[in-house]
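>>> Build me a model:
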Amino acid sequence: MSNEMIEDAIYNYVQEEIYKGSAFDRNSNLLEGGRLDSVEIMKFISFLEKRFNIEIELEQVNPDNFANLHTIAAFVFNVLSASLRQ
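Presented below is the predicted three-dimensional model:
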């Protein structure tokens, strides 16, 4: 699965579940601005784990990995790539 496909799947989820159908900028910071509360973050992590069949450790949920759609997609891509190498 390509990074672009991952990002598109994440965009669709975020648009439907977090932005309730409204368009948003893929560079928007999801952790700042109050868009995601703690419950929404847990739902989002659960979506990522189920959709991409990965496990996300709590310490991996940080601004470096979850700043915007690009960094989240790259993070998921790297986790998927690492699991394929094992």
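
>>> so where do the helices sit in the protein?
For the chain, the helices defined by DSSP state H occupy 3-13, 38-52, 63-66, 69-85.

>>> now the ones you listed in TSV, with mean neighbour count, distance to residue 29 and mean pLDDT?
Heads up, the C-betas are built off the backbone N, CA and C, glycines and all. Converted to TSV, those look like this (neighbours: other C-beta atoms under 10 Å; distance: least, C-beta to C-beta, whole Å; pLDDT from 0 to 100):
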stretch	mean neighbour count	distance to residue 29	mean pLDDT
helix 3-13	16	14	95
helix 38-52	14	13	94
helix 63-66	14	8	90
helix 69-85	15	9	92
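
>>> For those, give me CSV that also has distance to residue 21.
Formatted as CSV, the helices of the chain follow (distance: least, C-beta to C-beta, whole Å):
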stretch, distance to residue 21
helix 3-13, 11
helix 38-52, 16
helix 63-66, 22
helix 69-85, 16
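
>>> Test my guess that residue 26 contacts residue 11.
Yes - with contact defined as C-beta atoms under 8 Å, residue 26 and residue 11 form a contacting pair (6.5 Å).

>>> So for the two, which residues contact both of them?
Shared contacts of residue 26 and residue 11, defined by C-beta atoms under 8 Å, 6 or more residues apart in numbering, are found at residue 69.

>>> can you tell me which of the helices of the chain comes nearest to residue 32?
Of all the helices of the chain, helix 63-66 sits nearest to residue 32, with 8.4 Å by C-beta to C-beta.

>>> now for the closest one, which elements pack on it?
Applying 3 or more C-beta pairs under 8 Å, 6 or more residues apart in numbering; DSSP states H and E, one finds that helix 63-66 contacts helix 69-85.
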